[in-house]
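Q: quick one, structure for this:
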Amino acid sequence: AELHARYGGEAVAFNTMDPTSQVGLGADTKMLRAGWGSWGGSCDEATISSEMMADEAWAGRSGEGFATRKEVADSLLRRRLWDECVRLTGAIYE
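A: Model prediction:
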């Protein structure tokens, strides 16, 4: 949502996705195994990334994903997270 607020427009779309949201508690990914263990659901069922790229329902949508999270809905919290990521990484955005 913060990328959309800063840089979104008709030519560029920014959306977030979490493949685990489609399979319950988590998709069995390398990241899940490394951090929490091997208990996730099948990755074959986590198709949200390909749906977002190919499904017409996503055409023209930007700034969406995890909309129920307070960090996404609250512009002040998004800005704080952005600023902290910039501080930690040293990244420069213009």
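
Q: so which residue is dead centre in this protein?
A: residue 16 (2.5 Å; CA atoms, centre = their mean).

Q: quick one: contacts for the closest residue to residue 63 other than its chain neighbours?
A: In space, residue 63 comes closest to residue 4 once its chain neighbours are excluded; the distance is 3.0 Å by CB to CB, 6 or more residues apart in numbering. Every residue, glycine included, has its C-beta placed from N, CA and C. By CB atoms under 8 Å, 6 or more residues apart in numbering, the residues touching residue 4 are 13-15, 62-63.

Q: format those residues as TSV; extra columns: pLDDT, neighbour count and secondary structure.
A: Output for the contacts of residue 4, formatted as TSV (pLDDT from 0 to 100; neighbours: other CB atoms under 10 Å; DSSP: H, G, I helix; E, B strand; the rest coil):
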residue	pLDDT	neighbour count	secondary structure
13	77	17	coil
14	77	18	coil
15	74	17	strand
62	77	18	coil
63	74	16	coil
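
Q: which secondary element of the protein has the worst mean pLDDT?
A: Within the chain, no helix or strand scores below helix 70-73, which has a mean of 70 by mean pLDDT, DSSP states H and E.

Q: could you list the buried residues of the longest helix along the chain?
A: Of all segments of type helix in the chain, defined using DSSP state H, the longest is helix 75-89. Using 16 or more other CB atoms under 10 Å as the test for burial, helix 75-89 gives 78, 82.
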